[in-house]
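**Student:** predicted model follows, preceded by the sequence.
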Amino acid sequence: MELPWLGEHCSERSCKQLDFLPLKCDACGEVFCKDHIRYDDHKCGSAYKKNVQVPVCPLCNMPIPVQKGEIPDIVVGAHIDKDCKYNPAQQKIFTNKCLKPGCKRKEMMKVICEQCGGNFCLKHRHPLDHDCKGSSHPISKA
């Protein structure tokens with residue numbers, strides 16, 4: 001016995017499966033099967049209305065409040081253009097201080113001595129340049 005009025009077809013274009021227990025998306029209102037009900041699975045264009053995640057500014061790491069119905073990408077973009085407190089001049093790039101006594105130089109990246117494990121500037125990176133105590137004899141005189 002056929003019951004043609006039972007069930008609905010999945011609204012996902014690649015699926016169109018006849019589902020006898022269809023699920024309705026609470027954001028866009030379309031009907032989907034169990035495999036495509038999640039917002040990401042059917043690429044829901046209205047997911048931002050129901051998605052309650054708070055976006056974070058990629059520059060200043062501050063949470064950006066988004067009102068219901070607003071698109072998060074647009075709100076974050078407006079924050080970056082107007083209210084963002086990010087200042088690249090305040091970023092400390094040179095944070096790796098040389099361990100050689102009396103040297104005040106800092107480098108962007110760590111320069112670790114293979115013998116003693118200390119962090120040094122480019123001028124003092126070789127074992128002979130920083131009086132390395134890690135090994136009884138230096139590897140080279142370069």
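**Tutor:** Alright, I've got the coordinates. Numbers count the residues shown, from 1 in each chain.
**Student:** which residues touch residue 33?
**Tutor:** 10, 12, 15, 17, 19, 22, 23 (C-beta atoms under 8 Å, 6 or more residues apart in numbering). The way it works is simple: take the backbone N, C-alpha and C, and place the C-beta from them, glycine included.
**Student:** run a quick neighbour tally on the closest residue to residue 85 other than its chain neighbours.
**Tutor:** Excluding its sequence neighbours, the residue lying closest to residue 85 (C-beta to C-beta, 6 or more residues apart in numbering) is residue 60, at 5.0 Å. Neighbours of residue 60 under the rule other C-beta atoms under 10 Å: 14.
**Student:** what do you get for residue 113?
**Tutor:** 20.
**Student:** got it, and residue 25?
**Tutor:** Quick note: residue 25 (other C-beta under 10 Å) scores 20 neighbours.
**Student:** isn't residue 93 right up against residue 109?
**Tutor:** No. Residue 93 is beyond contact range of residue 109, at 9.9 Å (criterion: C-beta atoms under 8 Å).
**Student:** gap between stretch 9-23 and the chain center?
**Tutor:** Here stretch 9-23 is found 34 Å from its chain centre; the criterion is C-alpha atoms, centre = their mean, to the nearest Å.
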